Every structure is written in C-alpha cells, then in structure tokens.
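Structure here, sequence nowhere to be found:
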C-alpha cells in the first residue's frame, strides 16, 4: 500500500518520518508545493482551489491508498473538499491542543503555528472543545517555516530570528509562561532543538506526528493486513525508497537532495500539472 504526503514545503517530512517508523512496510510518496510556498499567509480560497487540484493530480499519477495533508494550515480549510473529491481516506494534521491541555501543569499552553492556522475558526473550535479550561497563548509566524526550510538546505539556523519570534513568550513573567508548546506547523519539529533551547526546559514541546501515525495505521488496518499476507517488517531500513515531487524547478533542489539522503530520498522530481491552476502563486 502507498501513502502520499503533501505540504507546501518539506515540513511534512516530520510527519512522514513518524508514520514510516510505525508502518515501515508501506510505500511512501511526498509532494510539496514549492511554487506557492509558504501557505501560512495564503487565503482560504487560494488554498482550497490549489490543494484540491494538486492532490487530484497526485492521486491520478501515484494512485495512493491514503493521503496525508501534512500541513496544518491547509488541513484547517481543505479537508472537506478533498474528502468529497477523492476516493481514498484523507488524513489531516491539526495542532495537538488536546494532549497539550491535558498535560499542562500550569494551565497555560502555547500554540506556535502559521498566521493562518492561529486565526482559523477550526482552531477556535479545537480550543473551545479541548482547552476551554486552560489559557492558550497563540503565536503566528512564517519566519520559522522559512528557517526550517533553510535548515533542510544545509544552511545555519538564524537563532536571533527565532529568539525575536518567541520573544512574546520569553518576556512573560515566569508564572505566566506556557509549560506546553504546541508545534502547530509540521515544519516546526525540524527546529525542535532550537526552539527548546530558547523556551527552556520548563516548557515541553509537543506535535502531532505520533497521533497521525496511529491514525494511518488504523485506517489501513496495517496489523490485520500484515497477519494475512505475512508482510510484517521488523526493520525500518527494509521500507521502500520515497518518491518525492515538487511543483517548480528551482535552484534549491540540489541542496535539498543532498540533505535528504538521510531520509531515504535521492531525487526530487518536478510534477508537471496538466490542468491550469485557478490561483497561481
């Protein structure tokens, strides 16, 4: 069985890694929309039109058994349309607000996400449903998305930039600071060490990777299928190489390929889109 992961950039690889660790027997494909990166400042209409078209094309070419929209920003708006238009299960990624609220000792959690995610009605609903009894500090940023992409291209992370982004939290009095920080963008786990260094040991970082892995395993009924056909794989190294596609040829692809060898990725191909996008980047 094949799973297709989608994101505006390479942040969705953090989700793919979590799924791959739990379900190594699957085949993996990854599509990122570098032509329209980043998604955090795009309108809802733009995201719906573009992601729907791209994933229809991805499904047509790759025939996945399941698609993971490994982008919090896109997941907050496009999932209903995708589930209507595509004949396979669609798994979205949403901020881990529920577990953060349960684990918080101080009753204060931070949501670190893109500007689009922090202001979405979907996020308001998550907070009302799962974090009504705690204080949620929202912090929207595209700078960390850009820094994560730079890191994946082998460039040094700009710690001064990260420190400035997180200043609204670090400047708070100690008893007003969040003790749980939700990494509400799939790019942010790529900067987990750097973010943790700035926020300190008293703040625990949490993301959705493991929850998505469990969801994929359940939807594809991995354990049952393995028992039937004897395809249990003990070692992640036995999994198939990942096919990776982007939407635009640019000068960063060689650097990305070099850094992604450790992810089992040797080549990034450009997926030519046969239909015309309604919203161009």
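Received it, and whenever you're ready, just let me know what you need. As the structure is a computational prediction, the values presented were derived from the model and not from experiment.

quick one: least confident helix or strand in this structure?
For the chain, using mean pLDDT, DSSP states H and E, the weakest element among its helices and strands is helix 222-229, scoring a mean of 49.

Which SSE is immediately downstream of that helix?
strand 243-246 (DSSP states H and E).

Please name every helix or strand in contact with that following strand.
strand 27-32, strand 268-270 (3 or more Cβ pairs under 8 Å, 6 or more residues apart in numbering; DSSP states H and E). The way it works is simple: take the backbone N, C-alpha and C, and place the C-beta from them, glycine included.

Show me how far it is from its chain's centre.
Mean-position distance between strand 243-246 and its chain equals 16 Å (Cα atoms, centre = their mean, to the nearest Å).

Contacts for that strand, please.
With contact meaning Cβ atoms under 8 Å, 6 or more residues apart in numbering, strand 243-246 is reached by 28-35, 58, 62, 253, 260, 265, 267-271.

Buried among these? Need that as a selection in ChimeraX.
A single ChimeraX command selects the buried members of the contacts of strand 243-246 (16 or more other Cβ atoms under 10 Å):
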select :28,29,30,31,32,33,34,35,58,62,253,260,265,268,271
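
can you put the helices and strands packed on strand 243-246 in TSV and add distance to residue 154?
Below are the helices and strands packed on strand 243-246 laid out as TSV (distance: least, Cβ to Cβ, whole Å):
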stretch	distance to residue 154
strand 27-32	17
strand 268-270	15
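
and those strands, which one is worst for confidence?
Mean pLDDT per stretch puts strand 268-270 lowest among the helices and strands packed on strand 243-246, at a mean of 91.

can you map out the helices along the stretch 101-250 of the chain?
Applying DSSP state H, counting those that start in this stretch to the stretch 101-250 of the chain gives helices spanning 115-119, 121-130, 143-152, 159-165, 167-170, 192-199, 209-219, 222-229.

do you know which of these lies nearest residue 97?
helix 121-130 (4.8 Å; Cβ to Cβ).

and that closest one, what does it pack onto?
Contacts defined by 3+ Cβ pairs under 8 Å, 6+ apart place helix 121-130 against helix 72-85, helix 97-103.

Looking at these, which is nearest to residue 187?
Checking those against residue 187 by Cβ to Cβ gives helix 72-85 as the closest, at 9.3 Å.

Single out the most deeply packed of the helices and strands packed on helix 121-130.
helix 72-85 (a mean of 21; mean count of other Cβ atoms under 10 Å).

can you list contacts of the helix or strand that that one is followed by?
Next in sequence after helix 72-85, counting helices and strands by DSSP H and E, comes strand 90-92. If you take Cβ under 8 Å, 6+ apart as the criterion, strand 90-92 is touched by 66-69, 74-76, 79, 82-83, 212, 215-216, 219.

Okay, now the sheet partners of strand 90-92, with direction.
If you go by DSSP bridges, strand 90-92 pairs up with strand 66-69 (parallel).

Which helix or strand contains the residue nearest to residue 209 when sequence neighbours are not counted?
Among residues not flanking residue 209 along the chain, residue 18 sits closest, at 3.3 Å (Cβ to Cβ, 6 or more residues apart in numbering). Using DSSP H and E, residue 18 falls within helix 13-22.

ok, residues contacting that helix?
3, 5, 7, 26, 28, 30, 68, 70, 93, 152, 186-187, 189-190, 207-210, 212-214, 216-217, 236, 239, 242, 260, 263.

and the gap between residue 259 and residue 151?
8 Å (Cβ to Cβ, to the nearest Å).
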